[in-house]
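Peer 1: sharing a sequence plus its predicted fold:
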Amino acid sequence: MIVRIADLASGPRRCEFDLEPADIRRAIGDRPDVMGISAGRADVNIEIIHKTVNMAGRVAIKADMACARCASEFEATIRLPVKGVAIEDRGNIGPFSDESEGFSYFGGDEINLAHYALDAVGLLFPAVVLCDPGCKGLCAGCGADLNRETCRCKKMR
């Protein structure tokens, strides 16, 4: 979603837009626990104050996942915050010329909100996703799904 900087002069703006599943997949990398991504939706508020663009909102992603404990497949909605600060690029002169400082630069008269949303996805997508917070997982001995059946190990009885 491209926003023109000049359009922000009239005040804060709320932007809702879709994220392509292929772009989300690129942001999170090759994850065997993510079988498919069906949708991504961003809702971001953006404003400019003294040539500084502030962005805050959230991303919701619907994905087919494999539980990290029991390996069962389930559909999850992953919600992540989006935050960003971008200052006008003046040749990056001064002490703050690095994105590791918590902001980035913008040049020209537009800013791409999808870039910030996808950065948030790549950085904040959870490393472990469970089908249920109380998932008991699989037995290390017999492989039984402890959510559905009792362990069959002789040593565990």
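Peer 2: Happy to help now that I have it.

Peer 1: name the nearest residue to residue 87, ignoring sequence neighbours.
Peer 2: residue 52 (5.2 Å; CB to CB, 6 or more residues apart in numbering). Placement of C-beta: from N, CA and C, glycine included.

Peer 1: got the buried residues for the longest helix seen in the chain?
Peer 2: Ranked by residue count, the top helix of the chain under DSSP state H comes out as helix 113-124. Using 16 or more other CB atoms under 10 Å as the test for burial, helix 113-124 gives 113-121.

Peer 1: got it, and stretch 70-82?
Peer 2: Neighbour-count burial for stretch 70-82 flags 70, 72, 76, 78, 80, 82 (criterion: 16+ other CB under 10 Å).

Peer 1: next one: stretch 130-139
Peer 2: 130-131, 135, 138-139.

Peer 1: also stretch 2-10?
Peer 2: Buried-residue list, stretch 2-10, by 16+ other CB under 10 Å: 3, 5, 8.

Peer 1: can you lay out the residues you listed as a markdown table showing pLDDT and distance to residue 147?
Peer 2: Listed next are the buried residues of stretch 2-10 as a markdown table, based on pLDDT from 0 to 100; distance: CB to CB, whole Å:
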| residue | pLDDT | distance to residue 147 |
| --- | --- | --- |
| 3 | 92 | 45 |
| 5 | 87 | 52 |
| 8 | 90 | 50 |
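
Peer 1: what mean pLDDT does the host helix or strand of residue 83 get?
Peer 2: Applying DSSP states H and E as the criterion places residue 83 in strand 73-88. If you average the pLDDT over strand 73-88, you get 93.
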